[in-house]
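Visitor: Sequence first, predicted model second:
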Amino acid sequence: METRMLSDGGSGLGVSALCLGTMYFGTTVDEERAFAVLDRFLDAGGTFIDTANTYSFWVPGGTGVESEELLGRWLASRKARDRVVLATKVGALPDPPGAAWPEHAEGLSHEVVRAQAEASLRRLGTDHVDVYYAHIEDRRTPLPDTVATFASLVTDGLVRVTGCSNHAAWRVAQAREIAHAQGLPGFTCVQQRHTYLRPRPGAEFGANPHISDEMLDYARSEPDLTVLGYSVLLSGAYTRSDRPLPEQYDHEDSRRRLAVLNDVADELGATPNQVVLAWLLGGDPPVLPVLGVSSVTQLDECLAALDLPLDADQRRRLNTA
């Protein structure tokens, strides 16, 4: 699988062009299916695996530890830790458990981040994680404090690369400026909701916003900032008649873009999902998709997107629809 580089303040950290998300592993995706997907991803040359300390607390019976714990068991059973780039997140867990979310998310204080980083390491069975994200914004904690805390994880060898998810572009830029001014390792990854369709004006996503044009524009000017996208396939809505579009994307602009997407897919003998992934990977800026799959069949469909050649005219039509 093609390798992309994440900046780590040094020579860079190589990751597979597709990142495997594990949000529902250990809850709605049982261990047998999850292990099969992980095995296939590794066999296909995939290295980049994404989880969080919250996955999936909202599922009945879930507490947030399930995905990390399952990954820890898989890594140990396959002796695979040295073959993967492991990402997890902090800041979005309800505190106390069961409290209203996101009003009572744990936040990004020094005490929370350090304690949760150590807890994630224990669950994952490793002495470090490769990428550690601030999962959602915490405007109760001064941004310089958050920057210093994440930098300390890097200097202490617990984390290689830091990033943020679900943050406004100006907050990402400000955090990186603070780090640069103080000579600290700063955020070099940003993970946001992103897909080919554009949300209708004023659509509300709560604490998990769709990526903004401003964020994409900022990333174009920052060569050491890698953009990752989640919810890229809209839970199957591009290809499954039983999965309607999320209401935030249900408007006339989407119908125009879906028509072009389906035309390009037909021309290439591909699925719309594959075209979406190829469009993201070859975009400006490039976006690394975080795959939310629950079966080997779904994963194989996504893997085939790596070999999909979008020509200049097809990309122009997709961009301008």
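Guide: All right, it came through fine.
Visitor: can you pull the contacts of residue 300?
Guide: residue 40 (CB atoms under 8 Å, 6 or more residues apart in numbering). The C-beta positions use only the backbone N, C-alpha and C, and glycine is treated the same way.
Visitor: gap between it and residue 46?
Guide: 12 Å (CB to CB, to the nearest Å).
Visitor: what does residue 304 give?
Guide: Counting by CB to CB - residue 304 and residue 46 are separated by 13 Å.
Visitor: Which one of the two is surrounded by more residues?
Guide: residue 46 (25 against 15; other CB atoms under 10 Å).
Visitor: Can I get stretch 50-60 in CSV? Just the C-alpha atoms.
Guide: Only the C-alpha atoms of stretch 50-60 are listed here, as CSV (Å, rounded to 0.1, in the frame of the first residue of the first chain):
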residue,chain,number,x,y,z
ASP,A,50,-7.2,4.8,14.6
THR,A,51,-9.1,4.5,17.9
ALA,A,52,-10.0,6.7,20.9
ASN,A,53,-10.6,6.4,24.7
THR,A,54,-14.4,7.0,24.0
TYR,A,55,-15.2,4.2,21.5
SER,A,56,-18.0,3.5,22.0
PHE,A,57,-19.5,4.9,25.2
TRP,A,58,-22.9,5.7,23.5
VAL,A,59,-23.6,2.1,22.5
PRO,A,60,-25.8,0.4,25.1
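Visitor: Going forward, count from 139.
Guide: Noted, 139 is the first residue going forward, which turns the last one into stretch 188-198.
Visitor: Give the buried residues for that stretch.
Guide: Across stretch 188-198, burial judged by 16 or more other CB atoms under 10 Å covers 188-195.
Visitor: pLDDT of it, averaged?
Guide: Per-residue pLDDT over stretch 188-198 has a mean of 97.
Visitor: list the contacts for residue 242?
Guide: 232-234.
Visitor: Okay, and residue 318 sits in which element?
Guide: helix 307-320 (DSSP states H and E).
Visitor: other SSEs contacting that helix?
Guide: Here helix 307-320 touches helix 281-293, strand 297-303, strand 325-331, helix 351-358, going by 3 or more CB pairs under 8 Å, 6 or more residues apart in numbering; DSSP states H and E.
Visitor: Return the set of buried residues in it.
Guide: Per 16+ other CB under 10 Å, helix 307-320 contains these buried residues: 307, 309-311, 313-314, 316-317.
Visitor: ok, now stretch 425-441?
Guide: Within stretch 425-441, the residues that count as buried by 16+ other CB under 10 Å are 425-432, 434, 436-437, 439-441.
Visitor: circling back: save the buried residues of stretch 188-198 as TSV, and put in distance to residue 294 too.
Guide: As requested, the buried residues of stretch 188-198 are exported to TSV (distance: CB to CB, whole Å):
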residue	distance to residue 294
188	22
189	21
190	21
191	18
192	23
193	25
194	29
195	27
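Visitor: just the buried residues of helix 307-320 now: which is nearest residue 250?
Guide: For the buried residues of helix 307-320, the closest approach to residue 250 (CB to CB) belongs to residue 313, at 16.9 Å.
Visitor: so that closest one makes contact with residue 283?
Guide: No - counting by CB atoms under 8 Å, residue 313 does not reach residue 283; the two are 10.9 Å apart.
Visitor: Could I get the full set of helices for the chain?
Guide: 169-181, 204-216, 248-262, 281-293, 307-320, 351-358, 390-406, 410-419, 434-441, 450-458 (DSSP state H).
Visitor: export those to JSON lines and tack on mean pLDDT and distance to residue 328?
Guide: Shown next, in JSON lines, are the helices of the chain (pLDDT from 0 to 100; distance: least, CB to CB, whole Å):
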{"stretch": "helix 169-181", "mean pLDDT": "98", "distance to residue 328": "23"}
{"stretch": "helix 204-216", "mean pLDDT": "98", "distance to residue 328": "21"}
{"stretch": "helix 248-262", "mean pLDDT": "98", "distance to residue 328": "17"}
{"stretch": "helix 281-293", "mean pLDDT": "98", "distance to residue 328": "13"}
{"stretch": "helix 307-320", "mean pLDDT": "98", "distance to residue 328": "6"}
{"stretch": "helix 351-358", "mean pLDDT": "97", "distance to residue 328": "7"}
{"stretch": "helix 390-406", "mean pLDDT": "98", "distance to residue 328": "24"}
{"stretch": "helix 410-419", "mean pLDDT": "98", "distance to residue 328": "14"}
{"stretch": "helix 434-441", "mean pLDDT": "98", "distance to residue 328": "21"}
{"stretch": "helix 450-458", "mean pLDDT": "97", "distance to residue 328": "21"}
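Visitor: Single out the most deeply packed of those helices.
Guide: helix 410-419 (a mean of 23; mean count of other CB atoms under 10 Å).
Visitor: Mind giving me the packing neighbours of that one?
Guide: Applying 3+ CB pairs under 8 Å, 6+ apart, one finds that helix 410-419 contacts helix 390-406, strand 425-429, helix 434-441, helix 450-458.
Visitor: which ones are touching residue 388?
Guide: 338, 382.
Visitor: picking that back up, ok, residues contacting the helix holding residue 318?
Guide: Under CB under 8 Å, 6+ apart, the answer for helix 307-320 is 275, 281-282, 284-286, 289, 302, 305, 322-325, 328, 350, 352-353, 355-356, 360, 363.
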